[in-house]
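Asker: Give me coordinates for this.
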Amino acid sequence: MPKVDSDSSTTNAQKDWYKDFFQGVTLDFWRAVITPEQTRAEADFVIEALGVKKGAHLVDVPCGNGRHAVELAKRGFRVTGIDISDDYIKEANSRAGELTNLLTFIEDDMRNIRTANAFDGGYCLGDCFGYLDHHSSEEFLKALAKALKPDSKLVIDTSMVAECLIPNLHKKVEYNFDQIQVQIENSYHAESSCLETTYFFTQNGLREVRHSLHWVFTAGEINRMLGRTGFRLLHLFGSLESEPFKIGADRLLVVAQKV
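Answerer: Residues are numbered from 1 along each chain as shown. Sure, this is the predicted structure:
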């Protein structure tokens, strides 16, 4: 098992796992897992939490295959999506259909948001917060703060925060969706607060192995990171129904405002 050092440093191949993780069978599996109902519910939450109205310009980072961006564009919002996966960006553009006038998809690192004071709100969904280590996660938040207009809001959605992950962590789990089998093995490195995961995908008789690292923050750490990067915390929710966040919740929904 590769070592994750206590200073959160790894080899470049480990640290940049997300650069080539999201392709092929991984995308097929995620498409099978996520339902349209879930996407609509998450879009509802984003609109309410950001306090935005039709016509607002939002940034979705990382945007994946554009499922949230397309749903929001259907409701009249302009969305710029950024993702490092070439396959995801191609799929997002193909999903845009007749909404291309409202949607812009850019292939780039999630820290590279190249416009300043341009967006009326932003969101980071799908457990993506924590793909980067502590320092790089703050760089990401700084980039978001620079990109958002003053007083605009940010939503972060993650089930990988410590208060969610650690009480619910299983060493091994297995799923079957749409003729894809995946076996997941988790190893938590306490010295660096990093979750190392190995995925064994089986599809059409072929097996692929993928690895990921996810840096795990407490809710308090995220609050302090927000404060250092130009945001103030507004709310911590434990569900899309805006239930109060507590230890053991399935997810954490953070709502913050640019100051």
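Asker: what's residue 156 in contact with, if anything?
Answerer: Applying Cβ atoms under 8 Å, 6 or more residues apart in numbering to residue 156 gives the contacts 123-125, 129, 222, 252-254, 256. The C-beta positions use only the backbone N, C-alpha and C, and glycine is treated the same way.
Asker: switch to 10 Å and redo it
Answerer: The contact partners of residue 156, by Cβ atoms under 10 Å, 6 or more residues apart in numbering, come to 122-125, 128-130, 141, 144, 222, 226, 231, 252-256.
Asker: Among these, name the ones in strands.
Answerer: Applying DSSP state E to those, the entries found in strands are 122-124, 231, 252-256.
Asker: Quick check: chain neighbours aside, which residue is closest to residue 87?
Answerer: Take residue 87 and drop its neighbours on the chain: the residue closest to it by Cβ to Cβ, 6 or more residues apart in numbering is residue 23, 4.7 Å away.
Asker: can you check residue 146 too?
Answerer: residue 116 (5.3 Å).
Asker: same check, this time on residue 230
Answerer: residue 145 (3.4 Å).
Asker: Domain-wise, how is the chain divided?
Answerer: 13-159+218-258, 165-213 (automatic domain parsing).
Asker: Single out the most deeply packed of those domains.
Answerer: domain 13-159+218-258 (a mean of 18; mean count of other Cβ atoms under 10 Å).
Asker: What segments of the stretch 151-259 of the chain are strands?
Answerer: 172-177, 180-189, 194-203, 206-215, 231-237, 252-258 (DSSP state E, counting those that start in this stretch).
Asker: distance between stretch 248-259 and the chain's centre?
Answerer: 12 Å (Cα atoms, centre = their mean, to the nearest Å).
Asker: Just the mean pLDDT for it, thanks.
Answerer: Mean pLDDT, stretch 248-259: 98.
Asker: Surely residue 244 touches residue 219?
Answerer: No: proximity of residue 244 to residue 219 does not meet the contact threshold set by Cβ atoms under 10 Å, at 11.7 Å.
Asker: show me the contacts for residue 169.
Answerer: By Cβ under 10 Å, 6+ apart, residue 169 lies in contact with 186-188, 195, 216.
Asker: So residue 194 is in contact with residue 186, correct?
Answerer: No: look at residue 194 against residue 186 with Cβ under 10 Å: they stay out of range, at 11.2 Å.
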